[in-house]
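# Let me see the structure of the following:
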Amino acid sequence: METAPCPRILVVEDDALVAQFIEFLLLDEGCAVAAIARDGRDAVEAVLALHPDVVVMDVEMPEMDGIEATRRIQELCPTPVVILSGYDSPELLARAVTAGAQAYVTKPPGRHDLMRAILFAQANFQAEC
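Below you'll find the predicted structure:
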């Protein structure tokens with residue numbers, strides 16, 4: 001049985017070291033990193049320009065946070081979104097889901113947790129369409 005190819009992913013993270021760590025995990029899993037955006041505004045622009053398969057997005061960023069960026073992405077170019085947060089908060093999870101995120105994972109993400117969240121986000125997104 002063949003496994004599905006790993007999707008093209010937009011990483012949205014304002015901390016360069018965390019972004020590099022996430023990129024390393026994704027590349028090690030055979031995923032393609034479409035780009036790395038540093039804030040929510042750049043994320044929305046990158047989604048419109050690159051049409052990634054999945055967005056892995058930090059929640060706390062300058063300019064525009066991940067919740068607002070997720071909401072705008074879902075309005076302009078619906079795309080599966082995995083929210084990354086340093087906090088495991090039911091309130092934050094509820095806000096992320098309301099904005100249109102399909103999955104949520106805490107930082108620093110483990111390889112398997114991140115990949116599971118990406119696959120879950122894709123499956124949830126397809127079920128919603």
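# so where do the strands sit in the protein?
Listed in chain order, the strands of the chain (DSSP state E) span 8-12, 32-37, 54-58, 81-85, 103-106.
# ok, the spatially most central residue of the chain - contacts?
The centre of the chain sits closest to residue 56, judged by CA atoms, centre = their mean, with a distance of 1.6 Å. Counting by CB atoms under 8 Å, 6 or more residues apart in numbering, residue 56 makes contact with 9-13, 22, 26, 81-82, 84, 114, 117-118. The C-beta positions use only the backbone N, C-alpha and C, and glycine is treated the same way.
# still on that earlier bit, can I get the strands of the chain in JSON lines including distance to residue 129 and mean pLDDT?
As requested, these are exported to JSON lines (distance: least, CB to CB, whole Å; pLDDT from 0 to 100):
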{"stretch": "strand 8-12", "distance to residue 129": "18", "mean pLDDT": "98"}
{"stretch": "strand 32-37", "distance to residue 129": "20", "mean pLDDT": "97"}
{"stretch": "strand 54-58", "distance to residue 129": "14", "mean pLDDT": "98"}
{"stretch": "strand 81-85", "distance to residue 129": "14", "mean pLDDT": "97"}
{"stretch": "strand 103-106", "distance to residue 129": "16", "mean pLDDT": "95"}
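# deepest of the ones you listed, which one?
Highest mean neighbour count among the strands of the chain (mean count of other CB atoms under 10 Å): strand 54-58, with a mean of 28.
# now that strand, how far from the centre of its chain.
Distance of strand 54-58 from its chain centroid, counting by CA atoms, centre = their mean, to the nearest Å, is 1 Å.
# biggest helix in this protein by residues?
Using DSSP state H, we find that the single longest helix of the chain is helix 111-128.
# Please work out which residues outside it touch it.
7, 9, 22, 25-26, 28-29, 31, 53-54, 56, 78-82, 101-105, 109.
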